[in-house]
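In: What shape does this take:
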Amino acid sequence: MSQPRLPKSAQEIADVIGVERTLYLIGQLPKVKCGPHEGKLSWRVVLYIPKRLPLDHQLVRILGWADAYKLSRHFPGEILSPATCDSVYRHYRDQNIRRLLGEGLGIALVADWFGMSERQVRNIGRVGA
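Out: Model prediction:
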């Protein structure tokens, strides 16, 4: 199964801190509604990268000092609006659900871990079977 590609707006961040850290960061940020695009509402995240990085900044709390510092050096004073990467997240989530079910974990436990219904987990497990 091929790995989904990150949208360009997220790949720019991943080039600095890596794909996993980028997906984690984006997942921790609140989503905001954007105007209609091709007839439907879209969602984005918005992140300000300060020139001077205080220790109590949101970036430091989410990523830790090292990765937050890398971003502040690479994007000083910029407001970033990366895509939410929902399709990338779903790909990894579904892949891990199938792996955990394949290892014998129960549907109820996997559903609880991912904050999903047992029916959703069962359906995802069937697709990979």
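In: can you list the domains in this protein?
Out: What the record gives for the chain is the domain set 8-84, 88-127, from automatic domain parsing.
In: Kindly reformat the ones you listed as CSV containing mean pLDDT.
Out: Below are the domains of the chain laid out as CSV (pLDDT from 0 to 100):
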stretch, mean pLDDT
domain 8-84, 91
domain 88-127, 92
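In: Output the ones you listed in TSV, with mean neighbour count appended to each entry.
Out: Every C-beta, even on glycine, is put in place using the N, C-alpha and C of the backbone. Output for these, formatted as TSV (neighbours: other CB atoms under 10 Å):
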stretch	mean neighbour count
domain 8-84	15
domain 88-127	15
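In: OK, contacts around Ile67?
Out: That one is not Ile; residue 67 is Asp. The neighbours of Asp67, taking CB atoms under 8 Å, 6 or more residues apart in numbering as the test, are 17, 21, 59.
In: any idea how far Pro30 is from the last one?
Out: Here the distance between Leu59 and Pro30 works out to 14 Å (CB to CB, to the nearest Å).
In: out of the contacts of Asp67, which are inside helices?
Out: By the criterion of DSSP state H, membership of those in helices covers 17, 21, 59.
In: nearest to Arg119, of the residues you listed?
Out: The closest of these to Arg119 turns out to be Arg21 (CB to CB; 32.2 Å).
In: hang on, isn't the closest one packed against Gly64?
Out: No - with contact defined as CB atoms under 8 Å, Arg21 does not count as touching Gly64 (9.2 Å).
In: where do the helices sit along the protein?
Out: Using DSSP H, the helices found in the chain span residues 8-17, 19-28, 58-63, 65-74, 86-102, 107-114, 118-127.
In: how big is the angle separating the last one from helix 86-102?
Out: The reference is to helix 118-127. Put simply, helix 118-127 runs at 80 degrees to helix 86-102, going by axes from the mean of the first three to the mean of the last three CA atoms, to 10 degrees.
In: Contacts for helix 118-127 next, please.
Out: Contact with helix 118-127 is made by 94, 97-98, 101, 107-108, 110-111, 114, as judged by CB under 8 Å, 6+ apart.
In: I'm done for today, thanks for sticking with me.
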